[in-house]
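Novice: this is a predicted model, with the sequence first.
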Amino acid sequence: MLVQMTAMKRLLIVLATLLLPPAWAEEAATAPITPVERQVLLDRAKSFKDEARKIKSDAQKKRKESEVTCWKKTLVSACLEEARRAQIDSNAEARRKETEAKKLEREVRERDLAAKKARQAEEAPKLQAEQEKKAAKAQEQAEAKQKQRELDQARRERDAQKASARAQMEARKRQQKLEEQKKKEERAERKAEEWLKKDKKRAEAKARQEERLRQSQENPQ
């Protein structure tokens, strides 16, 4: 009779485990989680784990005590079997609570991930706007640098043109000076030639005059 009652008790526990929905199933497992909800679920999971450990410990202790008592009874085998089945039932209850704890912890992880994704989705437009702003700023800076490079290149070209123009002007001035110097030298040479010619004529005229004078002295009339 006692064995039948124990088997019935075990069956009721199994049915309760299968038919009664756990509290965590009432909430959406993928809904983002708040800090308060997270702590509540973790506390419940810890409570389930603590209860499971206590059930296992009590079952182990009770079985040892029952084994000592059973050896004092007439139906030792039946008593030991009943103690064993009682421990099995208790361990099944403990495993159910451990399963509930794991489910709660899994829910926390899933909802943590959902909260993270929700934050990312919420922050996505802001991040995109910031990225677009950075990209626009970078583009603006790049265009400003390109414009500055073009201005610098244009300035260098103008400076080069001015330098070339100055060099050409200086070259022309030097050429003009050389030409003027050459003209002066040519004029000086022409003057010198003219002076030489005049000196030669004066010398020839003087020589003729002296020759006539000498002839007149040699042949007086």
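Specialist: Sure, I can see it. In this text, all values refer to a predicted model and were calculated from it rather than measured experimentally.
Novice: and the residue positioned nearest the centre of the chain, how far from residue 213?
Specialist: The residue lying closest to the centre of the chain (CA atoms, centre = their mean) is residue 131, at 11.1 Å. Distance, residue 131 to residue 213, by CB to CB, to the nearest Å: 120 Å. Any C-beta I mention is one placed from the backbone N, CA and C, and that applies to glycine too.
Novice: so where's this structure uncertain?
Specialist: Within the chain, the segments meeting pLDDT under 70 span 1-29, 220-221.
Novice: where exactly do the strands run in it?
Specialist: With DSSP state E, there are no strands along the chain.
Novice: please enumerate the helices of it.
Specialist: 2-19, 35-70, 76-218 (DSSP state H).
Novice: single out the most deeply packed of those.
Specialist: Among the helices of the chain, ranked by average contacts under mean count of other CB atoms under 10 Å, first place goes to helix 35-70 (a mean of 15).
Novice: list the contacts for residue 87?
Specialist: By CB atoms under 8 Å, 6 or more residues apart in numbering, the contact set of residue 87 is 59, 60, 62, 63.
Novice: now do 7 Å
Specialist: When contacts are counted by CB atoms under 7 Å, 6 or more residues apart in numbering, residue 87 touches 59, 60, 63.
Novice: got the contact list for the last one?
Specialist: Contacts here follow CB under 7 Å, 6+ apart; on that basis residue 63 touches 83, 87.
Novice: how about the second one?
Specialist: Shown here is residue 60, whose contacts under the criterion CB under 7 Å, 6+ apart are residue 87.
Novice: for the first one, same thing?
Specialist: Taking CB under 7 Å, 6+ apart as the contact definition, residue 59 lies against 87, 90, 91.
Novice: columns distance to residue 217 on top of the residues you listed, output as a markdown table?
Specialist: Shown next, in a markdown table, are the contacts of residue 59 (distance: CB to CB, whole Å):
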| residue | distance to residue 217 |
| --- | --- |
| 87 | 181 |
| 90 | 179 |
| 91 | 176 |
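Novice: what's the nearest residue to residue 70 if we skip its chain neighbours?
Specialist: residue 79 (3.4 Å; CB to CB, 6 or more residues apart in numbering).
Novice: how much space between residue 62 and residue 96?
Specialist: Distance, residue 62 to residue 96, using CB to CB: 18 Å.
Novice: swap in residue 145?
Specialist: 69 Å.
Novice: next one: residue 128
Specialist: Look at residue 128 and residue 96: by CB to CB, they are 47 Å apart.
Novice: and if you look at residue 35?
Specialist: For residue 35, the distance to residue 96 equals 28 Å [CB to CB].
Novice: kindly report the same for residue 161.
Specialist: Residue 161 is 93 Å from residue 96, where distance means CB to CB.
Novice: wait, what's in contact with residue 109?
Specialist: With CB under 7 Å, 6+ apart, residue 109 has no contacts at all.
Novice: with adjacent residues omitted, what lies nearest to residue 104?
Specialist: residue 45 (3.9 Å).
Novice: that neighbour reaches residue 99, doesn't it?
Specialist: No: using CB atoms under 7 Å, residue 45 is not in contact with residue 99; the gap is 10.8 Å.
Novice: near residue 72, how many other residues are there?
Specialist: Using other CB atoms under 10 Å, residue 72 has 8 neighbouring residues.
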